[in-house]
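Engineer: Everything below, folded, please.
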Amino acid sequence: MNAKRLALVYLDAVLRGYGQLFLCNSPVSGVLFFLGLALASPENAAWSLLGAGSATLGAFLGGARAEMASGLFGVNGALLGCAWIYFPEVGTSMKAGLTLLGSFMVVLILVPTLGWSVRTRSGITPFAIPALLAVGLNLIVLNGLGMVDGNLQRGWAEYRLGNYSQAREYFATDFSGAGWCSFQLGEYGRTELEFRSALELDSWNADAWEGLGWTSSATGHTEFAKACFRRMGLLSPLRSESSVSPRWRYVTTFQWASLLLALAGIAVHSRWSLLIAVVAVAGCAGFGLLTDPALLYNLVPLAIALGGHYLRIRPVTILWTAAMVLVMALVWPVGTAYFSTLGLPLLCIPFHILFIPSLLLFQFLNRRGIAAVSVPLGLAVTTPENVARWFQKAEIARLCWEGLRSDIDVAGNTIRPSVDA
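Structural biologist: Residues are numbered from 1 along each chain as shown. Here you go, the predicted structure:
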């Protein structure tokens with residue numbers, strides 16, 4: 001295999017890793033997801049690319065090229081890199097070093113785990129558990145060095161819940177976070193001082209420039225507000241007369257674009273997966289359960305995974321998927337509150353808490369002959385449409401084989417003449 005061919009194989013595996021962020025084993029979906037991530041946070045996208053690229057390269061050099069094509073190495077590396085968005089206080093060089101270390105750990109865990117799963121035909125995948133373990137290892141290192149401030153996690157958790165006064169107490173070392181809390185409380189004089197203090201520490205702090213822009217707009221200094229937004233290299237945002245937080249409305253502009261790219265990526269992969277994702281999100285939104293945008297990054301993959309990928313599309317699995325989505329949405333605030341007390345983000349822990357036991361449960365039911373709905377691992381990483389076609393063909397083959405067996409004379413080991421003949 002020449003160098004160009006190797007490079008294309010490697011790039012395809014990296015992009016499939018991004019596709020697997022939403023259970024879409026497609027390089028086209030991966031491109032769309034990466035663009036959405038870059039639009040929402042260029043820095044976060046860069047760290048995810050370092051993680052996905054290094055984990056995939058490790059699998060490539062380690063000889064796990066067949067397993068690499070599934071995108072599982074890439075998605076673990078990408079999630080590992082994305083985790084840095086929760087720890088802005090960590091320096092760049094430390095982030096880079098720990099991302100590479102974590103990617104190496106991902107490879108060490110995934111290679112034997114996937115090999116075991118294929119040999120035993122267990123149908124169980126660790127999915128992003130290696131990434132969670134790598135993030136845990138990184139946090140142990142950072143805590144040992146005193147480089148992580150758990151109050152930042154607690155502060156943003158309180159901010160999302162609307163407890164701005166409490167959140168501001170946690171932002172004692174983060175002027176930008178404290179500035180947004182003061183903005184929400186309508187204390188614009190204090191807000192301006194806090195954002196200016198943040199800019200004195202880092203003149204490239206886009207969050208602080210944005211906050212200073214909204215503060216100036218709210219106090220009638222329109223031209224200065226425009227200058228702040230231009231300083232960010234952006235056009236002036238939407239009007240600020242809305243009761244919605246300018247920070248979240250401004251971010252939402254990008255989040256909507258990212259969401260559209262994500263939906264496009266899912267649609268390219270599978271229309272059924274898109275339908276499952278939209279119904280899950282709309283259902284939770286209809287019940288008023290979408291209180292945290294971060295919930296979507298657990299809820300949508302769970303709905304797609306259980307709704308046709310790892311479980312066959314049957315009434316019982318559709319009901320089970322709906323139940324798991326509802327459980328996740330209901331428990332999410334509790335989990336967020338608990339982890340915020342520890343100074344930790346939830347990441348994709350809720351997804352795995354519901355996903356892995358679901359697979360084990362239906363594997364058990366499958367062995368007992370109660371519900372044959374489990375999907376082989378090699379097939380589960382394709383599409384729900386492919387899964388359905390595969391089982392249809394398997395059923396046709398089974399019926400043909402039973403028809404042949406019924407024509408065999410067991411005593412003489414001969415085939416009886418057909419009635420039609």
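Engineer: chain center to the helix or strand containing W116: distance?
Structural biologist: W116 belongs to helix 92-120 when assigned by DSSP states H and E. Chain-centre distance of helix 92-120: 17 Å, with Cα atoms, centre = their mean, to the nearest Å.
Engineer: buried residues in the helix or strand following that helix?
Structural biologist: With elements assigned by DSSP H and E, the helix or strand that comes after helix 92-120 is helix 129-144. Across helix 129-144, burial judged by 16 or more other Cβ atoms under 10 Å covers I129, P130, A131, L132, L133, A134, V135, N138, L139, V141, L142. Backbone N, C-alpha and C define where each C-beta goes, glycine included.
Engineer: Going by distance to F224, which of those residues wins?
Structural biologist: L142 (38.1 Å; Cβ to Cβ).
Engineer: Let me see the contact set for that closest one.
Structural biologist: Applying Cβ atoms under 8 Å, 6 or more residues apart in numbering to L142 gives the contacts F87, V90, M94, L98, V148.
Engineer: on that earlier part again, what's the angle from the helix holding W116 to helix 129-144?
Structural biologist: Counting by axes from the mean of the first three to the mean of the last three Cα atoms, to 10 degrees, helix 92-120 lies at 150 degrees to helix 129-144.
Engineer: which helices and strands does helix 92-120 pack with?
Structural biologist: helix 42-61, helix 65-68, helix 72-82, helix 129-144, helix 377-380 (3 or more Cβ pairs under 8 Å, 6 or more residues apart in numbering; DSSP states H and E).
Engineer: With distance to E385 and pLDDT as extra columns, can I get the buried residues of helix 129-144 in CSV?
Structural biologist: Formatted as CSV, the buried residues of helix 129-144 follow (distance: Cβ to Cβ, whole Å; pLDDT from 0 to 100):
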residue, distance to E385, pLDDT
I129, 27, 95
P130, 29, 96
A131, 28, 96
L132, 30, 95
L133, 33, 95
A134, 33, 96
V135, 34, 95
N138, 38, 94
L139, 40, 92
V141, 44, 93
L142, 43, 92
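Engineer: I'd like the residues you listed as a markdown table, with distance to Y170 appended.
Structural biologist: Below are the buried residues of helix 129-144 laid out as a markdown table (distance: Cβ to Cβ, whole Å):
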| residue | distance to Y170 |
| --- | --- |
| I129 | 30 |
| P130 | 31 |
| A131 | 27 |
| L132 | 24 |
| L133 | 27 |
| A134 | 27 |
| V135 | 21 |
| N138 | 22 |
| L139 | 18 |
| V141 | 23 |
| L142 | 18 |
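Engineer: Any regions of the stretch 301-421 of the chain where pLDDT drops low?
Structural biologist: Low-confidence segments of the stretch 301-421 of the chain, defined by pLDDT under 70: 407-421.
Engineer: For it, just list every one of the strands.
Structural biologist: Per DSSP state E, counting those that start in this stretch, the stretch 301-421 of the chain carries strands over the ranges 408-409, 414-415.
Engineer: ok so, going back, buried set for the helix holding W116?
Structural biologist: Within helix 92-120, judged by 16+ other Cβ under 10 Å, the buried ones are 94-95, 98-103, 105-107, 109-111, 113-114, 117.
Engineer: any idea of the angle that helix forms with helix 42-61?
Structural biologist: Going by the same axes, to 10 degrees, helix 92-120 makes 40 degrees with helix 42-61.
Engineer: now helix 92-120 and helix 72-82, what's the angle there?
Structural biologist: 150 degrees.
Engineer: All set now, cheers.
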